[in-house]
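Visitor: Next come a sequence and a model predicted from it.
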Amino acid sequence: MSALHRLAETIAARKGADPETSWTAKLLSKGPEKCAEKFGEEAVEAIIEAVKGDREKLVSEAADALYHLLVMLAARDLTLADVENELDRREGRSGIEEKAARK
């Protein structure tokens, strides 16, 4: 099992935890909108580091963004498996073809 899958499982387990003892539970207790806001903040920080070209900081910010993406998904009762299923569905299709199919 990958670190990303273990993280997703930990986040799912924290959904009912005490917000005073778990950062994840605290984020989830604030609702999906706050979780989305935090993901957006982390994504912007990753973008900034990508533009700057600092590889070490980009890796760190990308890890933060992935964590907050998983929290945001959990806040809407979605899982990493749901995203993986969508990626499986898209596999083998060009990005141009995929975008055209969405219309």
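Guide: Yep, that arrived.
Visitor: Contacts only, for residue 78.
Guide: By Cβ atoms under 8 Å, 6 or more residues apart in numbering, no residues touch residue 78. Using the backbone N, CA and C atoms, a C-beta is placed for each residue, glycine as well.
Visitor: same deal with residue 71?
Guide: Residue 71 touches 11, 24, 27-28, 35, 38-39, counting by Cβ under 8 Å, 6+ apart.
Visitor: now these in CSV, with neighbour count, secondary structure and distance to residue 81?
Guide: Output for the contacts of residue 71, formatted as CSV (neighbours: other Cβ atoms under 10 Å; DSSP: H, G, I helix; E, B strand; the rest coil; distance: Cβ to Cβ, whole Å):
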residue, neighbour count, secondary structure, distance to residue 81
11, 23, helix, 13
24, 21, helix, 18
27, 23, helix, 20
28, 22, helix, 18
35, 23, helix, 18
38, 20, helix, 22
39, 22, helix, 18
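Visitor: Closest one of the residues you listed to residue 77?
Guide: residue 28 (10.8 Å; Cβ to Cβ).
Visitor: Test my guess that the closest one contacts residue 74.
Guide: Yes: using Cβ atoms under 8 Å, residue 28 is in contact with residue 74, at 6.5 Å.
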